[in-house]
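Novice: Predicted structure and sequence below. I'll ask about it afterward.
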Amino acid sequence: MLLGPDGVSVARVERLADGTRRVHLVTADERARACPACGVFATRVKGSATTRPRDLPYGESGLEFHWHKRRWWCREPGCPRRSFTEQIPQLPAGAWITMRLRGAAGRRIRDAASTVIQTARDLHLSWPTVMDAFRAAAHEVTQAPLPQVKVLGIDETRRGRPRWERAPATGKWILTRDRWHTGFVDALGAGGLLGQVEGRTVADVLAWLATTPLAWRNSIEYVAIDMSATYRAAVRTGLPHATVVVDHFHVVQLANKTLSTVRRRTTAETRGRRGRASDPEWEARRRLLRNREDLTDEQFATMWNALLGEGRIAQTLLTAWIAKENLRNLLARARTGADRRQVGHVRWKFLTWCADSDIPEVRQLAVTVDRWWPEIEAFIDTGHSNAKSEGINRVIKLVARNAFGFRNADDQRLRTQCVTTRRARGHLRTAQL
């Protein structure tokens with residue numbers, strides 16, 4: 001009972017010179033005499049054998065097991081197996097580690113997000129043994145049914161460098177490993193990463209959706225994406241009943257990129273060079289990208305007054321900055337219960353300002369927002385975003401960084417799926433942190 005594994009008992013314990021305790025075990029389960037081929041209990045002993053199985057580490061000095069077991073003659077004449085050695089569920093024939101040690105190794109990676117090499121070092125096992133144990137433990141995660149999802153998040157994350165191979169028959173180069181992975185996330189619940197495919201094309205997204213049950217796909221009401229026309233086309237084909245919602249973070253990001261582009265172009269045209277630290281627009285570049293409510297009155301006045309004396313540069317930059325803030329004001333109507341009249345007024349104000357600005361980049365921003373308006377309006381109406389996909393992408397990159405990269409894309413997808421679904425499986429609680 002003190003040892004733990006059922007089916008064996010301790011015969012004696014001796015302490016070695018280095019402090020290690022050597023535990024001698026004998027078989028205590030009568031079922032170990034049953035022939036594994038025919039199931040008949042043996043009565044005649046053929047000989048004895050001693051094995052040295054490994055178990056979970058215990059104490060600072062460790063334990064060394066010596067299992068003294070017997071070899072039996074099978075008394076069934078028609079049995080193809082003439083003899084066999086004793087075995088128990090924790091230690092099958094030919095096993096040199098206990099099943100609970102193998103299970104603990106797999107669960108450390110699956111549920112505790114440990115790396116394979118760290119688990120191998122802690123449990124004194126080899127890398128292949130630990131990886132096999134993890135694949136067996138991860139089978140429970142991969143074979144689990146998909147949870148019901150109301151809002152599906154789709155986003156891509158970069159895996160690494162692409163791999164190309166030359167086809168022997170044609171001599172053409174073929175892409176065998178894409179640098180991008182597309183992830184499917186429960187954007188509203190706690191389901192985590194539902195699946196991952198290599199690539200980010202329409203065909204890749206549709207291929208994953210085709211593997212899911214039809215009833216599960218029909219339960220999806222919204223799909224949150226970034227401003228990717230590829231993902232939008234895939235959703236319209238694979239989930240025609242779902243409403244596409246664009247993530248507001250990427251809309252604001254597009255506005256900030258537009259503002260930075262305007263600043264660079266205006267500086268180059270007016271000054272005939274790139275921006276320098278002594279230029280007021282260069283000094284204010286960070287504050288121009290910050291939200292107005294995040295700036296104190298003093299910071300805003302410093303930025304505004306410094307740009308007012310720069311003539312055309314100031315007029316162009318401040319016009320683009322106001323366009324960005326008008327767009328943010330439009331997106332801020334989400335989760336406020338604003339009706340269509342209020343939203344339409346703020347939208348008209350943004351589009352009118354952009355049209356009257358006579359700035360090409362700002363006008364293009366308005367055109368892009370107008371083209372994506374049904375998806376942006378869906379965000380304003382529902383408030384759904386793709387924030388969980390971005391958070392899971394961060395975890396995916398952290399797992400790859402801890403593992404010093406992955407050479408096998410299948411192993412990487414398996415590791416990330418187990419790590420990102422720990423909360424849904426009850427292995428990641430806020431109270432435990």
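Specialist: All right, it came through fine. Numbering: from 1, shown residues only.

Novice: For V246, give me its contacts.
Specialist: By Cβ atoms under 8 Å, 6 or more residues apart in numbering, V246 lies in contact with A224, I225, D226, M227, W372, E375, I376, A378, F379. C-betas here are computed from N, CA, C, even on glycine.

Novice: Give me the nearest residue to it, chain neighbours excluded.
Specialist: Of all residues not flanking V246 in the chain, E375 sits nearest, at 3.9 Å (Cβ to Cβ, 6 or more residues apart in numbering).

Novice: likewise C79?
Specialist: In this structure, C79 finds its nearest non-sequential neighbour in C38, 4.3 Å apart by Cβ to Cβ, 6+ apart.

Novice: still on that earlier bit, out of the contacts of V246, who has the most neighbours?
Specialist: Counting neighbours by other Cβ atoms under 10 Å, A224 comes out on top of the contacts of V246 with 29 neighbours.

Novice: Could you report the neighbour count for the residue nearest to that residue when sequence neighbours are not counted?
Specialist: Spatial nearest neighbour of A224, chain neighbours left out: N386 (4.1 Å); criterion: Cβ to Cβ, 6+ apart. Neighbours of N386 under the rule other Cβ under 10 Å: 26.

Novice: Could you do A34 as well?
Specialist: Using other Cβ under 10 Å, A34 is surrounded by 18 other residues.

Novice: residues in contact with the residue nearest to C79?
Specialist: Counting by Cβ under 8 Å, 6+ apart, C38 makes contact with C74, E76, G78, C79, R81.

Novice: what's the answer for V362, then?
Specialist: Contact analysis of V362 by Cβ under 8 Å, 6+ apart lists T258, V262, T319, A320, A323, C354.

Novice: Looking at those residues, which is nearest A190?
Specialist: Set against A190, the nearest of these by Cβ to Cβ is T258 (35.7 Å).

Novice: Quick check, the closest one in contact with A366.
Specialist: No: applying Cβ atoms under 8 Å, one finds T258 not in contact with A366, separated by 9.9 Å.

Novice: Compare the two and say which one has the larger neighbour count.
Specialist: Relative neighbour count places T258 above the other of T258 and A366, with 23 against 20, counting by other Cβ under 10 Å.

Novice: what does the model give that one for pLDDT?
Specialist: Looking at T258, its pLDDT stands at 96.

Novice: and what of E198?
Specialist: E198 carries a pLDDT score of 90 in this model.

Novice: Pretty sure the residue nearest to A224 sits against D186.
Specialist: No: checked against Cβ under 8 Å, the pair N386 and D186 is beyond contact range at 11.5 Å.

Novice: what about E221, distance to L239?
Specialist: Applying Cβ to Cβ, to the nearest Å, the value for E221 to L239 is 10 Å.

Novice: Between the two, tell me which one has more neighbours.
Specialist: With neighbours defined as other Cβ under 10 Å, E221 and L239 compare such that L239 has more, 21 against 17.

Novice: returning to what we had before: hey, what's in contact with both of N386 and D186?
Specialist: Here N386 and D186 have G153 as joint contacts, going by Cβ under 8 Å, 6+ apart.

Novice: Touching, K46 and C74? I think so.
Specialist: No: if you go by Cβ under 8 Å, K46 and C74 don't touch, sitting 9.5 Å apart.

Novice: So the two - more neighbours on which side?
Specialist: Taking neighbours as other Cβ under 10 Å, K46 and C74 compare with C74 leading, 23 against 15.

Novice: Now do the contacts for the more buried one.
Specialist: By Cβ under 8 Å, 6+ apart, the contact set of C74 is C35, A37, C38, V40, A42, R81, R82, S83, F84.

Novice: And it, how far from R31?
Specialist: With distances taken as Cβ to Cβ, C74 is found 15 Å from R31.

Novice: Then T258?
Specialist: Going from T258 to R31 by Cβ to Cβ gives 74 Å.

Novice: right, and K349 touches E325 too?
Specialist: No: counting by Cβ under 8 Å, K349 does not reach E325; the two are 10.9 Å apart.

Novice: of these two, who's got more company?
Specialist: Counted by other Cβ under 10 Å, K349 and E325 do not tie: E325 has more neighbours, with 16 against 13.

Novice: Contacts for the helix or strand hosting that one next, please.
Specialist: Using DSSP states H and E, E325 falls within helix 312-331. Helix 312-331 is contacted from outside by 248, 251-252, 255-256, 258-259, 262-263, 266-267, 270, 280-281, 288, 291-292, 304, 307-308, 343, 346-347, 349-350, 353-354, 357, 359, 361-362, 365-366, 369, 376, 379-380, using Cβ under 8 Å, 6+ apart.
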